[in-house]
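**Student:** Got a predicted model here, sequence first, then my questions.
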Amino acid sequence: MVLRKAGTAAAATGVVLVGFVGLVTVGTYAASGTTGSQASRAALSAGTVPAAYQGLIQQWGALCPDISPPMLAAQLYQESGFDPSARSPAKAYGMAQFLESTWATYGVDANKDGKKDIWDPADAIASAATYDCALARDVAQVPGDRQANLLAAYNAGPYAVLKAGGVPAYKETQGYVRNIKSLAVSFTAPTATVEVSAQAAGAIYFAQNVLGTPYLWGGEGLPSQNGRFDCSGLTERAYETVGITLPRVANDQWYAGPHPSRDQLRPGDLVFFASDLNDPRSIHHVGLYVGGGYMINAPHTGAVIRYDKIDTSEYIGATRVTVDGAQALPTRGADGSITGTGGPGATDPSPPAAAPGAAVAAPAAPATRAAAGAPATGGPGQAPAKS
């Protein structure tokens, strides 16, 4: 989409890129996940959750020690993109994508209005946390990473985790655990320093080589498009050239890694712009930061790929792209929505087979999820809307 308040273009390439090599080697501000008893105290990174839900996720994400607000946010984003009206083909409903049968057991009347409403964000967020904590109790005696075990139980069912003695060797389940834990990093308030992405310089090199190319809404640089781009098509292709696959639209690229503060920006970070700074769903533009307060971007119809200042009233923040962060992102459906493919409670796995004469202790109230519920990774062309 159009960059509504573009700044003045840089006078020359050299002005913007002075000191780039030095900047790229400096440590940067980044998010850090926590586990165990520290998990529930992890704070949400600014701008990653719609303001209307931030307090609820922060509150309910501390319901038990094995979950955290960032982990809960990652699950909700993975399931629905924070859409309270989401519906999946598997008849899973609401922001947390519950099946009605599972909702009957784990639904919570969080806002005390006398109704456990699967469509109400307050009830859905509280119920997702309640369900997670129930799973954590079901697999509490399994050794290893407690959060990984509960996420595995969310995907494959607690019996599978009990039988395996940890995350089962299902490719889908291992992918789900890895993706949620990676995505949670993007939702975690920055607390530590990390290295700049080794791919940043290559992404900038690509963007520099297409400066002056006319903008095309929906452009992905294809030969049929005469090598033209829109804003997220440019950043997608720039990182594709260095081996990182970003999703197609800007407000999904926002979650491809941790979020450095304005004073900790480094070349290669993606910079984002939104019409509502309290709601990341309103992100409409992205550029590639190059230093000195400037970005390379494809701004709008009638313009060319160029340098612009990033400091406008619509600047919402930045993302330091990581391989794991990009791989963890969900894809969008044909209508542009994100929906889970099963939601909590979509299967009822069989209990593990016991050895002769052995007894298997099953959870008192098995909490299960569809094995088909693992997210797909983001890739080009997944959403009809381009930005």
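**Tutor:** Arrived safely, thanks for sending.
**Student:** So Met295: helix, strand or coil?
**Tutor:** Classification of Met295 using DSSP: H, G, I helix; E, B strand; the rest coil returns strand.
**Student:** What sits closest to it if chain neighbours are left out?
**Tutor:** Gly287 (3.4 Å; CB to CB, 6 or more residues apart in numbering). In short, each C-beta sits where N, CA and C put it, glycine included.
**Student:** beta partners for the one you found?
**Tutor:** Val271 (DSSP bridges).
**Student:** which residues does it contact?
**Tutor:** The contact partners of Gly287, taken as CB atoms under 8 Å, 6 or more residues apart in numbering, are Leu3, Cys231, Thr235, Leu270, Val271, Met295, Ile296, Asn297, Asp308, Ile310.
**Student:** wait, the second one sits on Ile296?
**Tutor:** Right, Cys231. No - shown here, Cys231 and Ile296 do not form a contact pair, counting by CB atoms under 8 Å, at 10.2 Å.
**Student:** Looking at those two, which is more packed in?
**Tutor:** Cys231 (31 against 25; other CB atoms under 10 Å).
**Student:** From Gln253, how far off is that one?
**Tutor:** Distance of Cys231 to Gln253, given as CB to CB, to the nearest Å: 10 Å.
**Student:** neighbour-wise, which of the contacts of Gly287 leads?
**Tutor:** That'd be Met295 among these, by other CB under 10 Å, with 33 neighbours.
**Student:** Tell me the secondary structure at His285.
**Tutor:** Secondary structure of His285, per three-state DSSP, is strand.
**Student:** Please shift the residue numbers so they start at 651 in all later answers.
**Tutor:** Yes, from this point I'll number from 651; that puts the last item at His935.
**Student:** could you check the distance from it over to Cys881?
**Tutor:** Counting by CB to CB - His935 and Cys881 are separated by 5 Å.
**Student:** model confidence over the strand or helix carrying Ala724, on average?
**Tutor:** Per DSSP states H and E, Ala724 falls inside helix 719-730. Taken as a whole, helix 719-730 carries a mean pLDDT of 96.
**Student:** ditto for stretch 852-872
**Tutor:** 96.
**Student:** thought Tyr804 was touching Ala784?
**Tutor:** No - at 10.1 Å, Tyr804 and Ala784 do not qualify as touching, with contact defined as CB under 8 Å.
**Student:** More neighbours: which of those two?
**Tutor:** Taking neighbours as other CB under 10 Å, Tyr804 and Ala784 compare with Tyr804 leading, 27 against 21.
**Student:** now the more buried one, what's its secondary structure?
**Tutor:** On the basis of three-state DSSP, Tyr804 is classed as helix.
**Student:** Count the neighbours of the residue lying closest to Ala702 once chain neighbours are set aside for me.
**Tutor:** Leaving aside its chain neighbours, Ala702 sits nearest to Pro771 (7.2 Å; criterion: CB to CB, 6+ apart). Burial of Pro771 is recorded as 23 neighbouring residues (other CB under 10 Å).
**Student:** In this model Tyr703 seems to touch Pro771, though I could be wrong.
**Tutor:** Yes - here Pro771 lies in contact with Tyr703, judged by CB under 8 Å, at a distance of 5.8 Å.
**Student:** At which residues are the strands of the stretch 751-900 of the chain located?
**Tutor:** 840-844 (DSSP state E, counting those that start in this stretch).
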